[in-house]
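Chemist: Any chance you can model this:
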Amino acid sequence: MGSTASTKNGTWRNWGGNVVARPAREVSPASVDELVAAVRQAAEDGLTVKAVGNGHSFTSIAATHGLLIRPQLLTGIRNIDRAAGTVTVEAGTPLKRLNLALAREGLSLTNMGDIMEQTVSGATSTGTHGTGRESASIAAQITALELVTADGSVLTCSAKENPDVFAAARTGLGALGVVTAITFAVEPIFLLTAREEPMPLARVLGEFDQLWAENEHFEFYWFPHTGNTNTKRNNRSAGPSRPVGAVPGWVEDELLSNGLFQVAQWIGRTAPATVPALAKVASKALSARTYTDIPYKVYTSPRRVRFVEMEYALPREAAVEALRELKAMVERSRLRVSFPVEVRTAPADDIALSTASGRDTAYLAVHMFRGTPYRSYFTAAERIFTAYEGRPHWGKIHTRDAAYLSGVYPRFGEFTALRDRLDPDRLFQNDYLRRVLGP
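Modeler: Predicted coordinates for the structure are as follows:
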């Protein structure tokens, strides 16, 4: 993804441009003490408080009419503990900067999502994930975190210290306090071999369980109005390193995946009848390639075409049937869907409101080009996903509320009880949290 969210004339907008807020005031604290003072002052002034990273959520999870905390000065690595295999990083650090710093130290996160523009606190608080057979989301790699709570206390949490808070705050939605530092498990840097290959959808669906089982990381993109997919399989490699060449990389990742794809989106938005033909061309534009590189250069890719997105986490065993239903829905409708559907997986984890909490998961993500009407498509897709007890990504568009979510998260009550204890006066409340967690 390209540039991040912005504030202009007192109005804050997210990256996707679909969320707007006018905070009463903004602060960019340069230390935890300054952040604590800002939180306490907001409470005295009767203002609610939200922290926002780089605005890559498509929901209003970070929107506020009170105090908006921008953590861009709370960046950098606090400590590397090689013996423990951990790194402690300030909450406002972008994942891109963390990845570069870790690589210089010969270290890496085990898994990550496919973009790295978000801050570490924003990514983990909303449940950002990649794809993996055994390796889980970024939040699942947290071993400790530091949190400023509603009374201005600075709380350190881990499996041994305040374990009830740790169980929830790794994906805390900004509802429990303001995260100021995160400790991640890291490992010595390693190589991944990526195999990217077009594949017929029928084959992917027929072999989905095998493709998942045989690869450490498997994902694919289906192009609506076609029977085509692009697949990606990442597995650890003994080397040698064989990165994508500069020219082929520019052609595939910039010219085709961003430049020409952007043009195709403009055409499709202006003339929807052209979308099926454009989809057929786009689905065949990228050729097969294999390369070997360090993790973040394999997991992540540039995303410069702006869009809006809905993503649901389903039980992994439901993925194939749900995608078949989605395809059938698109085919019998008058919808014209110009963006691929993304499918990834994650193992079960132990975080209360992680979308993979307690169950092996498959993620189905639907997108539309920014400025294109999306509600009919997203509504129809959501109807399919919720029939499988799907859990919406906290940072992506959905219409679910606390009544629904309490039924698909076994530990929902545990989270809300902790929220009642840490923030009884709802200092960190906003309209989104009121809807998804209750008053």
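
Chemist: So for this protein, which residue is the most central one in space?
Modeler: Nearest to the geometric centre of the chain sits residue 128, at 2.9 Å (C-alpha atoms, centre = their mean).

Chemist: Tell me if residue 202 really is in a helix.
Modeler: Yes. Counting by DSSP: H, G, I helix; E, B strand; the rest coil, residue 202 is part of a helix.

Chemist: residues contacting it?
Modeler: Going by C-beta atoms under 8 Å, 6 or more residues apart in numbering, residue 202 touches residue 227. Using the backbone N, CA and C atoms, a C-beta is placed for each residue, glycine as well.

Chemist: Would you map the strands across the stretch 51-200 of the chain?
Modeler: 67-69, 77-81, 86-90, 107-108, 142-148, 154-158, 178-185, 187-188, 191-200 (DSSP state E, counting those that start in this stretch).

Chemist: pLDDT of the fourth one, averaged?
Modeler: When pLDDT is averaged along strand 107-108, the result is 98.

Chemist: Could you do stretch 146-165 as well?
Modeler: 97.

Chemist: same question, stretch 259-268
Modeler: 86.

Chemist: The stretch 251-400 of the chain: helices as residue ranges?
Modeler: 261-270, 275-283, 295-299, 319-332, 375-386 (DSSP state H, counting those that start in this stretch).

Chemist: can you pull the pLDDT of residue 71?
Modeler: 93.

Chemist: An error on my part: the question was meant for residue 5.
Modeler: In this model, residue 5 carries a pLDDT of 59.

Chemist: before we move on, what about the one 5 residues further on?
Modeler: Reading off the per-residue confidence, residue 10 sits at a pLDDT of 82.

Chemist: neighbours of the nearest residue to it once chain neighbours are set aside, just the number please.
Modeler: What sits nearest to residue 10 in space, not counting adjacent residues and going by C-beta to C-beta, 6 or more residues apart in numbering, is residue 22, at 5.7 Å. For residue 22, the neighbour count with other C-beta atoms under 10 Å is 13.

Chemist: closest one to residue 170 among the helices of the stretch 251-400 of the chain?
Modeler: When the helices of the stretch 251-400 of the chain are compared by C-beta to C-beta, helix 295-299 sits nearest residue 170, at 19.7 Å.

Chemist: Same question for the closest one: list its buried residues.
Modeler: 295-299 (16 or more other C-beta atoms under 10 Å).

Chemist: Could you verify my assumption that residue 230 touches residue 221?
Modeler: Yes. At 4.9 Å, residue 230 and residue 221 qualify as touching, with contact defined as C-beta atoms under 8 Å.

Chemist: Now for those two: what residues contact both?
Modeler: In contact with both residue 230 and residue 221: residue 340, using C-beta under 8 Å, 6+ apart.

Chemist: The two: who's more crowded?
Modeler: A direct count of neighbours by other C-beta under 10 Å for residue 230 and residue 221 places residue 230 higher, at 23 against 19.

Chemist: that older thread, next, format the helices of the stretch 251-400 of the chain as a markdown table and append distance to residue 47.
Modeler: Below are those laid out as a markdown table (distance: least, C-beta to C-beta, whole Å):
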| stretch | distance to residue 47 |
| --- | --- |
| helix 261-270 | 39 |
| helix 275-283 | 45 |
| helix 295-299 | 38 |
| helix 319-332 | 42 |
| helix 375-386 | 32 |
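
Chemist: so how far is stretch 258-268 from its chain's centroid?
Modeler: Here the centre of stretch 258-268 is set off from its chain's centre by 23 Å, with C-alpha atoms, centre = their mean, to the nearest Å.

Chemist: Same question for stretch 414-427.
Modeler: Using C-alpha atoms, centre = their mean, the offset of stretch 414-427 from its chain centre is 24 Å.

Chemist: dump the residue contacts of the residue nearest to residue 10.
Modeler: Counting by C-beta under 8 Å, 6+ apart, residue 22 has contacts 10-12, 65.

Chemist: What of residue 423?
Modeler: 149-150, 175-177, 429.

Chemist: hmm, try it at 10 Å
Modeler: 49, 149-151, 175-177, 429, 433 (C-beta atoms under 10 Å, 6 or more residues apart in numbering).

Chemist: so what's it scoring on pLDDT?
Modeler: Per the predicted model, pLDDT is 98 at residue 423.

Chemist: With the one 4 residues further on instead?
Modeler: According to the model's per-residue confidence, residue 427 sits at a pLDDT of 98.

Chemist: Where does it fall, secondary structure wise?
Modeler: Assessed by DSSP states H and E, residue 427 sits outside every helix and strand.

Chemist: Please determine how far the nearest residue to residue 355 once chain neighbours are set aside is located from residue 400.
Modeler: Take residue 355 and drop its neighbours on the chain: the residue closest to it by C-beta to C-beta, 6+ apart is residue 313, 3.6 Å away. Separation of residue 313 from residue 400 (C-beta to C-beta, to the nearest Å): 12 Å.

Chemist: Residue 214 too?
Modeler: The gap separating residue 214 from residue 400 is 34 Å, by C-beta to C-beta.

Chemist: So if I had to pick from these two, which one is more boxed in?
Modeler: residue 400 (18 against 12).

Chemist: Now the phi/psi pair for the more buried one, please.
Modeler: phi -70, psi 160 (degrees, to the nearest 10).

Chemist: show me what contacts the closest residue to it other than its chain neighbours?
Modeler: Nearest residue to residue 400 in three dimensions, chain neighbours excluded: residue 392, at 5.4 Å (C-beta to C-beta, 6+ apart). Residue 392 sits next to 59, 127, 310-313, 355, 382, 385-386, 398-400, 404-405, 408, 436 when contact means C-beta under 10 Å, 6+ apart.

Chemist: Generate a PyMOL selection restricted to the buried subset of those residues.
Modeler: The buried subset of the contacts of residue 392, as determined by 16+ other C-beta under 10 Å, is captured in PyMOL by this line:
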select buried, resi 59+127+310+311+312+313+355+382+385+386+398+400+404+405+408+436
